[in-house]
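J.: could you look at this predicted model? Sequence included:
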Amino acid sequence: MSLESIAERMKSRAASSGFDRVVKFDCGDDGVVVINKGEVTTTDMEAECTITVSKDDLDALTTGELDATSAFMQGKIKIDGDMSIAMQLSQVL
């Protein structure tokens with residue numbers, strides 16, 4: 001799976017969620033997925049909250065195979081910035 005396909009999977013949920021913040025999923029050398037106030041892109045930009053996660057784990061989060069809270073507790077995701085924004089992501093993922 002590519003980051004573009006992950007972003008595509010997130011688009012309809014993000015558009016209908018009412019999520020109005022900017023969050024970046026940083027997958028290191030694989031690139032980024034950014035939710036920018038309901039729009040989803042793979043173009044890097046400044047964000048209020050950056051979540052560092054592997055591409056495989058991001059894929060699992062968006063398919064429901066991986067629970068975000070469990071991933072955080074296991075150290076699979078790291079959050080930099082406003083933690084409250086990350087908590088709102090359940091409506092998008």
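T.: Nice, thanks for sending it over. Numbers count the residues shown, from 1 in each chain.

J.: distance of the closest residue to residue 1 other than its chain neighbours relative to residue 81?
T.: Spatial nearest neighbour of residue 1, chain neighbours left out: residue 59 (5.2 Å); criterion: C-beta to C-beta, 6 or more residues apart in numbering. Bear in mind the C-beta positions are built from the backbone N, C-alpha and C, glycine included. Noted for residue 59: a distance of 22 Å to residue 81, by C-beta to C-beta, to the nearest Å.

J.: so which of the two has more stuff around it?
T.: Between residue 59 and residue 81, counted using other C-beta atoms under 10 Å, residue 59 has the larger neighbour count: 19 against 16.

J.: does the more buried one count as helix, strand or coil?
T.: Here residue 59 is helix, with the state taken from DSSP: H, G, I helix; E, B strand; the rest coil.

J.: can you check what pLDDT the model gives it?
T.: Model confidence at residue 59, given as pLDDT, is 96.

J.: likewise for residue 21?
T.: What the model reports as pLDDT for residue 21 is 93.

J.: surely it is in contact with residue 37?
T.: Yes - contact criterion C-beta atoms under 8 Å: residue 21 and residue 37 qualify, at 6.9 Å.

J.: comparing these two, which residue is more hemmed in?
T.: Neighbour tally, residue 21 and residue 37, criterion other C-beta under 10 Å: the higher count belongs to residue 21, 19 against 11.

J.: which one is residue 39 nearest to, not counting chain neighbours?
T.: Nearest residue to residue 39, sequence neighbours excluded (C-beta to C-beta, 6+ apart): residue 14, at 7.1 Å.

J.: quickly find the element holding the one you found.
T.: helix 3-17 (DSSP states H and E).

J.: what about the helices in this protein?
T.: Taking DSSP state H, the helices of the chain run over residues 3-17, 55-63, 68-73, 83-87.
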